[in-house]
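**Student:** sequence first, predicted model second:
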Amino acid sequence: MHKEDIEMAKKARLNSYSPYSNFLVGTTLRTKSGKLYTGCNIENHGIQGICGERTAFAKALSEGEREFESITVVGAKKGEEPTEECMPCGYCRQFMSEFVDDDFKIYTLDGNKVNEYTMKEILPYGFKI
Ligand code: ZN
């Protein structure tokens, strides 16, 4: 776990566009080569909003990245510090599983401690063709 990933996710969280939920999420996606891509949730009037996890993946994938090591996710209501655990939603779990190995790491903040999960743990029976 890299401390800078948490700090970058917290900073990216402040770019969230979430006027409907007022729940700001920030993420940092780390590639196997060590490059970092941040993301935040972006909502709209309809149902086509995008989560912070998929924003980071879209940025990285569109730059040609295909090898990923971990993603760090932080989230909290506007004006609050992200101290409660924020897990990827079901949609993001399935989306991420397309591009990562079973041992890809998901880091979340839980108070002052960092929790670590693997892709296999958070999506044990993902859909595969
Ligand atoms: Zn999601």
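**Tutor:** Thanks, I have the structure now.
**Student:** which residues of the protein lie near the ion?
**Tutor:** 51, 89, 92 (CB under 5 Å from the ion). Yep, even glycine has a C-beta here, placed from its N, CA and C like the rest.
**Student:** and those residues, which is closest to residue 12?
**Tutor:** Closest approach between these and residue 12, by CB to CB: residue 51, at 12.3 Å.
**Student:** filter the residues of the chain next to the ion to the buried ones?
**Tutor:** Taking 16 or more other CB atoms under 10 Å as the criterion, what is buried in these is 51, 92.
**Student:** the residue most central in space within the chain sits in which helix or strand?
**Tutor:** In the chain, the residue lying closest to the centroid (CA atoms, centre = their mean) is residue 53, at 3.2 Å. Here residue 53 sits within helix 52-62, counting by DSSP states H and E.
**Student:** same for that helix, what does it pack against?
**Tutor:** helix 3-13, strand 23-31, strand 36-40, strand 68-77, helix 90-97 (3 or more CB pairs under 8 Å, 6 or more residues apart in numbering; DSSP states H and E).
**Student:** returning to what we had before: spatially, what comes nearest to the residue nearest to the centre of the chain if we skip its sequence neighbours?
**Tutor:** Leaving aside its chain neighbours, residue 53 sits nearest to residue 92 (4.1 Å; criterion: CB to CB, 6 or more residues apart in numbering).
**Student:** give me the phi and psi for residue 110.
**Tutor:** When read as degrees, to the nearest 10, the backbone of residue 110 gives phi -140, psi 90.
**Student:** alright, that wraps it up for me.
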